[in-house]
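Q: From the sequence below, what's the structure:
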Amino acid sequence: TGVVPFVALLLLQRRPVAGRALLVTGSGCPGHGLCRSNVQEQTRRQVAVLNATAQELFSLYLKCQGEPFSSETDKLCNPAGIFFPAFRVNRTSERKEVMVAMYKLFAFLNASLGNITRDQEELNPTAKELLERLHNTTKTTRGLISNLTCLLCKNYNIFQVDVRYGDSSRGKSAFKKKQQGCQVLRKYVQVIGQAARVLLPHLSPS
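A: Okay, the predicted model is just below:
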C-alpha cells in the first residue's frame, strides 16, 4: 500500500489496510492552523481516560461473551497470534518518534474498535453497557487521533503516515469474532498503560 493521508485514515476506521511505516514531511500539512490552544492538555486527558477505562472495557467485554471466555481467558484471549503495532518507544525516545508511534497505535486501535463494535452489535445487540463503552472509547480515540495529527503537523510538518491495520473479522464465525475482539482488547490493556507512561511526560506543560 502507498501512503495514506491523515484525512483518509479517519475515514478508513473499519477497513483493514496493511503497509510499511513511512513518514512524509512537506509544506502541504492539512489542518495546520486548526490546532486548539489547549491541544496538548486535551491529548493528555484523552490518553489518561483511555488508560483509566481500558481494564473495565476488557472485563465487561469478557462478561458479555460468556463461556468459555470467562473461564479460559488466558488461553482464548492470548494476543500472541494477532498483529498489533510494535511499540518500542520509551521515555527517553525523541518526542517526534513517540508521537508517530502513538499515531500508529491509536489509528490501529480505532479501526479495531470499529470491527469489535460492529461484531458486538450483531452478536450482543442487547449488551447496552458494553456497546456504550465501545462507542465512548471510539469517540475518545478519534479525538486523540485528531489531536495527534495536529501536533505532528504543527511541530514536525508530518502530514502522512502509512499505518498497518489488523485483519477484518468479516466472514468469521461468531466464536472467532468474539476471540479476535478479546485478543485485541487484552493487548490494548497491556499497551495503553505503557503508552500513557511514555507519552504524558512529552506533553507536560513546558
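
Q: Ignoring the adjacent residues along the chain, who's closest to the most centrally placed residue in the chain?
A: With distances taken as Cα atoms, centre = their mean, Leu109 lies nearest the centre of the chain, 2.3 Å away. Excluding the flanking residues, the one nearest Leu109 by Cβ to Cβ, 6 or more residues apart in numbering is Thr141, at 5.7 Å. C-betas here are computed from N, CA, C, even on glycine.

Q: What about that neighbour, how many residues nearby?
A: By the measure other Cβ atoms under 10 Å, the count of residues near Thr141 is 23.

Q: which residues sit in contact with it?
A: Residues near Thr141 by Cβ atoms under 8 Å, 6 or more residues apart in numbering: 50, 106, 109-110, 113.

Q: which residues does Met102 contact?
A: For Met102, the contact set (Cβ under 8 Å, 6+ apart) comprises 148, 195, 199.

Q: Report the secondary structure element holding it.
A: Here Met102 sits within helix 95-123, counting by DSSP states H and E.

Q: Please, which helix or strand holds the residue nearest to Asn136 when sequence neighbours are not counted?
A: Nearest residue to Asn136, sequence neighbours excluded (Cβ to Cβ, 6+ apart): Thr53, at 8.0 Å. In this assignment (DSSP H and E), Thr53 forms part of helix 39-65.

Q: which other helices and strands contact the helix or strand just after that helix?
A: Using DSSP H and E, the helix or strand that follows helix 39-65 in sequence is helix 73-76. The contact analysis (3 or more Cβ pairs under 8 Å, 6 or more residues apart in numbering; DSSP states H and E) places helix 73-76 against helix 174-202.

Q: relative orientation of the helix it packs on and helix 39-65 in degrees?
A: Interaxial angle of helix 174-202 relative to helix 39-65 (axes from the mean of the first three to the mean of the last three Cα atoms, to 10 degrees): 160 degrees.

Q: Show the average pLDDT along helix 174-202.
A: Helix 174-202 carries an average pLDDT of 93.

Q: angle of it against helix 95-123?
A: Angle, helix 174-202 to helix 95-123, by the same axes, to 10 degrees: 150 degrees.

Q: helices or strands up against helix 174-202?
A: In terms of contacts (3+ Cβ pairs under 8 Å, 6+ apart), helix 174-202 is packed against helix 39-65, helix 73-76, helix 95-123.
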